[in-house]
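[1] Need the 3D shape of this:
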Amino acid sequence: MSDFTAFRHPVLAVPCPDCGRPSGAMCRRPSGHGASDFHAARKVAADLAFIEQHGPSAAIIRSDAGQWIVDPRGRVRD
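    Down below sits the predicted model:
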């Protein structure tokens with residue numbers, strides 16, 4: 001199970017299948033330097049893991065306090 005609310009960005013909840021960086025760590029370029037964005041495969045993996053855990057209707061939102069919150073109702077609440 002991945003905790004999508006534990007990191008500064010929800011994508012960090014899953015390891016990167018491209019560069020092998022663990023959960024919580026930013027992606028790395030092949031040169032070893034930090035990447036400026038997440039690898040596309042990691043974004044897909046995070047989406048799939050989120051849907052598997054919380055269902056296709058859920059959403060993750062940032063609260064006014066800056067914390068990530070999983071809303072099981074998703075965008076239906078709007």
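[2] Show me the helices in the chain, by range?
    40-54 (DSSP state H).
[3] pLDDT below threshold where in it?
    75-78 (pLDDT under 70).
[4] repeat that for 50
    Nowhere does the chain drop to pLDDT under 50.
[5] Alpha carbons of stretch 56-72, in PDB - could you do that?
    This file holds the C-alpha atoms of stretch 56-72, laid out as PDB (Å, rounded to 0.1, in the frame of the first residue of the first chain):
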ATOM      1  CA  PRO A  56     -11.600   5.300 -10.000                       C
ATOM      2  CA  SER A  57     -13.900   8.000  -8.500                       C
ATOM      3  CA  ALA A  58     -11.400   9.200  -5.800                       C
ATOM      4  CA  ALA A  59      -9.300  12.300  -6.000                       C
ATOM      5  CA  ILE A  60      -6.400  13.700  -4.100                       C
ATOM      6  CA  ILE A  61      -6.600  17.300  -3.200                       C
ATOM      7  CA  ARG A  62      -4.400  19.800  -1.400                       C
ATOM      8  CA  SER A  63      -6.000  21.300   1.700                       C
ATOM      9  CA  ASP A  64      -5.800  25.000   2.600                       C
ATOM     10  CA  ALA A  65      -3.100  24.000   5.100                       C
ATOM     11  CA  GLY A  66      -1.000  22.500   2.300                       C
ATOM     12  CA  GLN A  67      -1.600  18.800   3.200                       C
ATOM     13  CA  TRP A  68      -2.700  16.200   0.700                       C
ATOM     14  CA  ILE A  69      -6.100  14.600   1.400                       C
ATOM     15  CA  VAL A  70      -7.700  11.700  -0.400                       C
ATOM     16  CA  ASP A  71     -11.400  12.400  -1.100                       C
ATOM     17  CA  PRO A  72     -13.200   9.200  -1.900                       C
END
